[in-house]
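Visitor: Turn this into a structure:
(chains A and B)
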There are 2 protein chains.
Amino acid sequence: MGYPTVTYKEEGMREGMQIEDASIPVEDKVRLLDALSETGLKHIVVGSFVSPRYTPQMAEIDDVMARFTPKPGVRYTALALNERGRERAQQYSPPLDTGENSTYRPTLRCHMCDVFARRNTNRSQAQEMADWEQIVSTAKALGATEAGIGTNASWGSNFVGKFSNADRMDIFERQHAMWDEAEIPVTAVSLGDPMSWCMPHEVKSQLVEIKSRWPDIRDFTLHLHNGRGMALVSAYAALETLDETDTLNLDGTIGGIGGCPYCGNGRATGQMPTEDAINMLEEMGIDTGVDIDKVIDCVWMLEDMLGRATLGHVSKAGPRPKTIEEWYDPNAPFVETFEEARHFKLGPSVYEGGIYPWREPIRSEQRPDTLEVAD
Amino acid sequence: MGYPTVTYKEEGMREGMQIEDASIPVEDKVRLLDALSETGLKHIVVGSFVSPRYTPQMAEIDDVMARFTPKPGVRYTALALNERGRERAQQYSPPLDTGENSTYRPTLRCHMCDVFARRNTNRSQAQEMADWEQIVSTAKALGATEAGIGTNASWGSNFVGKFSNADRMDIFERQHAMWDEAEIPVTAVSLGDPMSWCMPHEVKSQLVEIKSRWPDIRDFTLHLHNGRGMALVSAYAALETLDETDTLNLDGTIGGIGGCPYCGNGRATGQMPTEDAINMLEEMGIDTGVDIDKVIDCVWMLEDMLGRATLGHVSKAGPRPKTIEEWYDPNAPFVETFEEARHFKLGPSVYEGGIYPWREPIRSEQRPDTLEVAD
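Guide: The predicted structure is shown next:
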């Protein structure tokens, strides 16, 4: 059984920046966005068109849009939560993709947690559900040929606790029944997790149940947060559960930053670090088209802006060195600090002068180049 | 299929401290070790008896041993690499478990990477293999009834690249054949990973192959490092691959600290964070007997000692709140910073004064307690 097709959405400029210091200068954001555009990432969320009153981090989104350099072939999207936001976003399309050219796949969604729905969007779960009828009738009128179902706060909530497969399936059944009645086939499911309740075995179990119940669903979106360190583990579980006839859409952020002020975990929410996720996907033989080295540049740039280390790993230790040119020097001295560990990009100068405890140089048949070392 | 039995070894005082600042005071180490003893962790490595010349972080191990408070029921072990080290450790047994009471299961081991073997232990892979004959004949003489096989640097090396299943199986076959000849059954395999080369799909594939080749092997030890963020993902893969007739022995460290100066990644090496691993195991229904809240206390204590945030997650966002007493306040204001996120232990005072953007208090049927709020 092969792995699913994977798409990856970089959320650092949106989910990431929205929980960071609002005073990060526009020029820094533009510089970071432009660097992200050069990594090979195919889908980048640039920010959100929301009220600067509650999300001052996005107050200068118009400046970012005006000043960044769109890269042909990269899909740029933005979050908008209402008509006003969508109008603002529309001004920048293109380069912004506001959906005109995407497959029209209307989706019924709601939060599993009514408390979080109210905190996050000022609307109740009941109000979200009340929208469904209109969405379906519009879809019918526009001749939609496929549809989606979805939940947010899917695995549980910091405010009301855990949700089971049965809880989620209850919502999905109601959504699916409405599409069935409209005779529009359901091909996609979306599971959000703003409060980091994902656990790998529960993600697996839920995906198995959806696939068994509705074999026509082949498109799976997981927006997972990482407050309990389970986002990438859960993504791996999904990769092992889905197969080559499926598509898995993953979201993550450089440095694993991210979160919203409503969820109760702030910056500790995080998402899967893009550098670790892309590295894992590539190692698993799933081509992403991303240059991990350039992603690491972005993480280092981000950390300079934030003034702190982020929680990803590959940015600190580097990917597994794959060629003899990348292999480390068998006679490198002690490497101890995070700064010294950066030699994988910066070269041996960063660890020069470290302790060299061996009486004679390390020589090994496994590294024939060491056998030529002069005494 | 059920999950394997899991044992967990806390390596923070050894693998962790050995790569941290050598000037961390003994009293801090004793305080941390004593706090770890109270968490419910069943196996704690206290440090190593090695030369202070190259591991000054362990220079005061005797003081730690003399001053810590052993907790009945906790197994304390220490690392010793030679006869001198073993003699030093012996002085502290008990409370130190130096192996007298453990099942006698001699193991043939070697590093897959000759360069790392030389850097780490001043011995070549060939010298390691040359020991095997003596180990087997001693085992025979002492009447061993079971034996183990094992590799270190199992998945690959920063100095010589990746190892395949075939590479590992070649070593395992040779080790197994020696035990077969001695008519001592092989029941255990150990796979070390000092250079963070583990990848979940490769761990899975290797375990599947071992189980298929030698069904009598039921005891699996994975010592995984986390430089590429794959330790816990790989552990999850192992949990899904093994079954209830197996035992999986995992190693990790509070805060995910750890590494050695020889591997080339220094502090960026890390291990799986104990707080994230224990939390995942418990959520999966695998009882660890550990009080996660006390582990988080240890991580916070550790971070104070190190003067930096560590890379684990559950210490920052807390575990999933499970009871109505633990659920967050639906009317909590914005939670943005890491400091504010600590309310899950410190209470609402840490986020007091945060933005409260809702015109009216959040009320929800899902939280009946909010319906009683006075206007």
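Visitor: low-scoring stretches of chain A, by residue?
Guide: Flagging of chain A using pLDDT under 70 yields the residue ranges A:101, A:373-375.
Visitor: Can you report how many residues neighbour residue A:214?
Guide: Other residues within reach of residue A:214, judged by other Cβ atoms under 10 Å in any protein chain shown, total 17. (C-beta placed from N, C-alpha, C; glycine too.)
Visitor: got a list of what it touches?
Guide: Residue A:214 makes contact with A:176, A:186 under the criterion Cβ atoms under 8 Å, 6 or more residues apart in numbering or on different chains.
Visitor: give me that answer again for 10 Å
Guide: With contacts defined as Cβ atoms under 10 Å, 6 or more residues apart in numbering or on different chains, the neighbours of residue A:214 are A:149, A:172, A:173, A:176, A:185, A:186, A:187, A:189.
Visitor: same question, residue A:33
Guide: Contacts for residue A:33 were tallied using Cβ under 10 Å, 6+ apart; they are A:10, A:12-13, A:17, A:44, A:46-47, A:64-65, A:67-71, A:76, A:298.
Visitor: ok, of those, which one's closest to residue B:292?
Guide: Residue B:292 lies nearest to residue A:12 out of those, by Cβ to Cβ, at 29.4 Å.
Visitor: so residue A:370 touches residue A:362, yeah?
Guide: Yes: applying Cβ atoms under 10 Å as the test, residue A:370 and residue A:362 come out as touching, 6.3 Å apart.
Visitor: Looking at these two, which is more packed in?
Guide: Neighbours per residue (other Cβ under 10 Å) separate residue A:370 from residue A:362, with residue A:362 holding more: 23 against 18.
Visitor: Next one: the more buried one from residue B:123, what distance?
Guide: Counting by Cβ to Cβ, to the nearest Å, the gap from residue A:362 to residue B:123 is 12 Å.
Visitor: any shared contact partners between those two?
Guide: Taking Cβ under 10 Å, 6+ apart as the contact definition, residue A:362 and residue B:123 share the neighbouring residues B:114, B:117.
Visitor: Please check the contacts of residue A:214 and keep the buried ones.
Guide: The neighbour-count test (16 or more other Cβ atoms under 10 Å in any protein chain shown) applied to the contacts of residue A:214 identifies A:149, A:172, A:176, A:186, A:187, A:189 as buried.
Visitor: so where's the longest helix in chain A?
Guide: Under DSSP state H, the helix in chain A containing the largest number of residues is helix A:165-181.
Visitor: list the helices and strands it packs on?
Guide: Of the remaining helices and strands, those touching helix A:165-181 by 3 or more Cβ pairs under 10 Å, 6 or more residues apart in numbering or on different chains; DSSP states H and E are strand A:107-111, helix A:125-130, helix A:132-141, strand A:147-152, strand A:186-193, helix A:200-213.
Visitor: would JSON lines of these with distance to chain B be doable?
Guide: Conversion of these to JSON lines gives the following (distance: least, Cβ to the nearest Cβ, whole Å):
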{"stretch": "strand A:107-111", "distance to chain B": "10"}
{"stretch": "helix A:125-130", "distance to chain B": "8"}
{"stretch": "helix A:132-141", "distance to chain B": "19"}
{"stretch": "strand A:147-152", "distance to chain B": "14"}
{"stretch": "strand A:186-193", "distance to chain B": "11"}
{"stretch": "helix A:200-213", "distance to chain B": "5"}
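Visitor: Could you dump these into a markdown table and include distance to residue B:235?
Guide: Output for the helices and strands packed on helix A:165-181, formatted as a markdown table (distance: least, Cβ to Cβ, whole Å):
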| stretch | distance to residue B:235 |
| --- | --- |
| strand A:107-111 | 31 |
| helix A:125-130 | 36 |
| helix A:132-141 | 41 |
| strand A:147-152 | 28 |
| strand A:186-193 | 21 |
| helix A:200-213 | 10 |
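Visitor: quick one: which of the ones you listed is nearest residue B:341?
Guide: That would be, of the helices and strands packed on helix A:165-181 and by Cβ to Cβ, strand A:186-193, which comes in at 16.9 Å.
Visitor: list the buried ones in the longest helix of chain A?
Guide: If you call a residue buried by 16+ other Cβ under 10 Å, then helix A:165-181 has these buried ones: A:168, A:171, A:172, A:175, A:176, A:178, A:179.
Visitor: Hmm, residue A:186 and the last one touching each other?
Guide: Yes: the pair residue A:179 / residue A:186 is scored as a contact, 5.0 Å apart, by Cβ under 10 Å.
Visitor: ok, so of the contacts of residue A:33, who is nearest residue A:243?
Guide: If you rank the contacts of residue A:33 by distance to residue A:243 using Cβ to Cβ, residue A:10 comes first, at 25.3 Å.
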